[in-house]
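1. give me the fold of what follows.
(2 chains)
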Amino acid sequence: MLSLEQVKHIAKLARIGIDDAAAERFSKQLSGILDYMSLLNEVNTEGVELTSQVTGLKNVTRADEVTRFCTGEELLACTELPVVKNQIQVMQVIKN
Amino acid sequence: MLHELTLTEASQGLREKKFSSTELTNALLGRIKDVNPKLNAYVGMCEDLALEQAKNADARQSKGEMLSVLDGIPVGLKDIFNTRGVKTTCCSKILRNFVPPYDATVVDRLYKAGMVLVGKMNMDEFACGGSTEHSCFGPTRNPWDLDRISGGSSGGGAAAVAADMSFYSLGTDTGGSIRQPASFCGCVGLKVTYGRVSRSGVTAMASSWDTVGPFTKTVADAAMVLGHMAGTDVRDSTTPNVAVPDYVAGLGKPLNGLRIGVPKEYFGEGIDPEVEKVVRSAIKEYEKMGAVVSEVSLPYTKYAVAVYYISMPAELSANLARFDGIRFGSKPSGQVKDLVDYYYQARSEGFGDEIKRRIMIGTYVLSAGYYDAYYKKAQKVRTLIRRDFDEAFKNVDVLITPVSPFPAWKVGEKIDDPLKMYLADALTIPVSCAGVPGLSVPCGFVGESGNLPVGMQIIGPQFSENLLLRVGHAYEHSTQWHKKKPNL
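-> Have a look, this model is predicted:
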């Protein structure tokens, strides 16, 4: 069973703010799901390779050419944050 | 009524000038106005754009310059496909204001074939769910029983096609999100081979699993649409350069000697006996057509759900990191202390519970100390599940199974028990594990009132869509299930 502290720690790593009520709810649900995953422990996977891709493609490359699919204005129109000199203004990250 | 036509019929009517694209589009818009309030399949409309596109299609028709068999056909698309200038929300609060500046490759290809876009369709938030209840716009109702779910995550598209609100549609299928709603709503749904259709411009859920495919009223319609979607794309490096056959030309060939495998793990325990009966009688129908049926075994089937719910959330948690209120997504509504607090609030307000759960599972299984035990273990078992299919296809041409262990359940029935909801995908997830295609074809009805559709799943080796469509088409020709319509 995941403790409330563990759930809050995972939420912090995932950058999701959760309150105590949510932590409690998730603790039960996530524990149930993770318990179910332990089903895999009964499978012997010694010497079995990993699957991360199913069609066998490798090292797909293409020429490094710029293609323009929309204008800068269209891109900037996607943000709700202030636009200053064609740049998106975000919160200060490094303090003076 | 024009909206009741299949895609094949509508396309023929346009070419023979029995009606115009504008008439067809107006008929569809009228149907949507009548029926959508009951179903909630569409979550956004673009009527003006549609009527303009229809007018252009009519102009091409009058000059004899039609772009393709899809030219002038009005449709809606799942709200996960980027459509330039048309809001694309993934049915998430965090994207409530997002208007994409470009079209997904598959949207671009369909536009070039003459698609008329009438609106965007409901789905589980970021395609995460099996019921379309996890949508910020509320659930899509099942056209056959309004108290029931439409399935998910592409529930809007399946319900709309079944209810004659779209001549075809597109969905995404990661663990069953096309096949299961198609089965529940009684339409045709195709999950293609991983990499068969480009995913560029389609919001990513789990990148080693995601696929894009069509919903249609008939198998022949699916063959017609797929040809205009499939093929390699420089913008999606996971699309192998495999030739795209003429799917329509492949239909109609006899099935004499076709070897059908019936995997024993997909029948029996946990499967609704009525569903089993309906699917088994469909298999008997194939025997009448000259197919040879044998039982096969895919021993690692029961581990597929566990593999999926480790691997998928891991990939999802990485893919959804960009929805932070800065790179993508709405900013938080309240005051924030600092940048980290900004992320907490933007994501807490923007994501629903199911997304939060899955991101947290993904974060957990990828974190130090758990990576080997969960993530790597799942990738190894995924290899064993793939081998199951490789072995089976040495002896049979296709596999036939139920799509879902049971028919559509009641709205709200499984909403508080995520694991129960996950297990409902037990028969579609293994197919996704192996990256092979699966076609859902209506094959009967079950339930007390006999009004709940059941789909069978026809599974083949990678890039065998041609064969699956031929097999599905033959069944449709010998039965009448696809002609039944919900009473709305």
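2. A:Phe69 versus whichever residue of the stretch 1-150 of chain B sits closest to chain A, what's the distance?
-> For the stretch 1-150 of chain B and chain A, the shortest gap (Cβ to the nearest Cβ) falls at B:Pro101, measuring 3.9 Å. (C-beta placed from N, C-alpha, C; glycine too.) As judged by Cβ to Cβ, to the nearest Å, B:Pro101 and A:Phe69 stand 8 Å apart.
3. these two - which one has more neighbours?
-> B:Pro101 (18 against 13; other Cβ atoms under 10 Å in any protein chain shown).
4. tell me where the chain has strands.
-> Picking chain A for this. Here chain A has its strands, by DSSP state E, at A:83-84, A:87-88.
5. wait, chain B was what I had in mind.
-> B:42-45, B:74-78, B:116-121, B:141-142, B:145-149, B:168-173, B:188-191, B:211-216, B:259-263, B:292-296, B:398-402, B:438-446, B:452-459.
6. now those as TSV including mean neighbour count, mean pLDDT and distance to B:Asp353?
-> Output for the strands of chain B, formatted as TSV (neighbours: other Cβ atoms under 10 Å in any protein chain shown; pLDDT from 0 to 100; distance: least, Cβ to Cβ, whole Å):
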stretch	mean neighbour count	mean pLDDT	distance to B:Asp353
strand B:42-45	21	98	19
strand B:74-78	29	98	21
strand B:116-121	27	98	22
strand B:141-142	28	98	21
strand B:145-149	19	98	17
strand B:168-173	28	98	21
strand B:188-191	34	98	26
strand B:211-216	29	98	26
strand B:259-263	19	98	34
strand B:292-296	14	98	39
strand B:398-402	25	98	29
strand B:438-446	27	98	28
strand B:452-459	28	98	27
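7. next one: the nearest residue to B:Lys253 once chain neighbours are set aside from B:Leu255, what distance?
-> Closest residue to B:Lys253 apart from its sequence neighbours, by Cβ to Cβ, 6 or more residues apart in numbering or on different chains: B:Arg470 at 5.9 Å. Look at B:Arg470 and B:Leu255: by Cβ to Cβ, they are 8 Å apart.
8. what does B:Gly472 give?
-> 11 Å.
9. who has more neighbours out of these two?
-> Remark: of B:Gly472 and B:Leu255, B:Gly472 carries more neighbours, 26 against 20, as counted by other Cβ under 10 Å.
10. pLDDT score for that one?
-> Among the per-residue scores, B:Gly472 holds a pLDDT of 98.
11. right, and it touches B:Leu439 too?
-> Yes - assessed by Cβ atoms under 8 Å, B:Gly472 is found in contact with B:Leu439 at 5.0 Å.
12. any shared contact partners between these two?
-> Residues touching both B:Gly472 and B:Leu439 by Cβ atoms under 8 Å, 6 or more residues apart in numbering or on different chains: B:188, B:219, B:222, B:458.
13. check contacts around the residue positioned nearest the centre of chain B.
-> Residue closest to the mean C-alpha point of chain B, counted by Cα atoms, centre = their mean, is B:Ile178 at 2.1 Å. B:Ile178 makes contacts with B:154, B:157-158, B:171-172, B:189-191, B:211, B:213, B:215, B:440, as judged by Cβ under 8 Å, 6+ apart.
14. biggest separation within those residues, which pair?
-> Pairwise distances across the contacts of B:Ile178 peak at 15.5 Å for B:Ala158 and B:Thr211 (criterion: Cβ to Cβ).
15. quick one: residues contacting the most centrally placed residue in chain A.
-> With distances taken as Cα atoms, centre = their mean, A:Ala14 lies nearest the centre of chain A, 7.2 Å away. A:Ala14 makes contact with B:317, B:347, B:356, B:359-360, B:362-363, according to Cβ under 8 Å, 6+ apart.
16. would you turn those into a markdown table with pLDDT, neighbour count and distance to B:Phe137?
-> Output for the contacts of A:Ala14, formatted as a markdown table (pLDDT from 0 to 100; neighbours: other Cβ atoms under 10 Å in any protein chain shown; distance: Cβ to Cβ, whole Å):
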| residue | pLDDT | neighbour count | distance to B:Phe137 |
| --- | --- | --- | --- |
| B:Ser317 | 98 | 22 | 24 |
| B:Arg347 | 98 | 26 | 20 |
| B:Lys356 | 98 | 20 | 18 |
| B:Ile359 | 98 | 29 | 21 |
| B:Met360 | 98 | 24 | 24 |
| B:Gly362 | 98 | 27 | 25 |
| B:Thr363 | 97 | 24 | 27 |
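17. so which pair among the residues you listed is furthest apart in space?
-> Among the contacts of A:Ala14, B:Arg347 and B:Gly362 lie farthest apart (Cβ to Cβ), at 13.4 Å.
18. outside of the helix or strand of chain B with the lowest mean pLDDT, which residues touch it?
-> Lowest on mean pLDDT, DSSP states H and E among the helices and strands of chain B sits helix B:418-423, with a mean of 90. For helix B:418-423, contacts defined as Cβ under 8 Å, 6+ apart pick out A:29, A:32-33, A:36, B:129-131, B:305, B:308-309, B:354, B:357, B:414-415.
19. tell me the spacing between B:Gly72 and B:Met1.
-> Applying Cβ to Cβ to B:Gly72 and B:Met1 gives a distance of 18 Å.
20. tell me which of these two has more neighbours.
-> B:Gly72 (31 against 8).
21. wait, that one touches B:Ala59, no?
-> No - between B:Gly72 and B:Ala59 no contact is recorded; they are 10.2 Å apart, counting by Cβ under 8 Å.
22. list the single closest residue to the residue nearest to the centre of chain A in space, sequence neighbours excluded.
-> A:Ala14 sits nearest to B:Thr363 (Cβ to Cβ, 6+ apart), 4.3 Å away.
23. buried residues in stretch B:405-413?
-> Neighbour counts over stretch B:405-413 (16 or more other Cβ atoms under 10 Å in any protein chain shown) mark B:405-409, B:411, B:413 as buried.
24. ok, stretch B:304-321 next?
-> Neighbour-count burial for stretch B:304-321, with 16+ other Cβ under 10 Å as criterion, is recorded at B:304-321.
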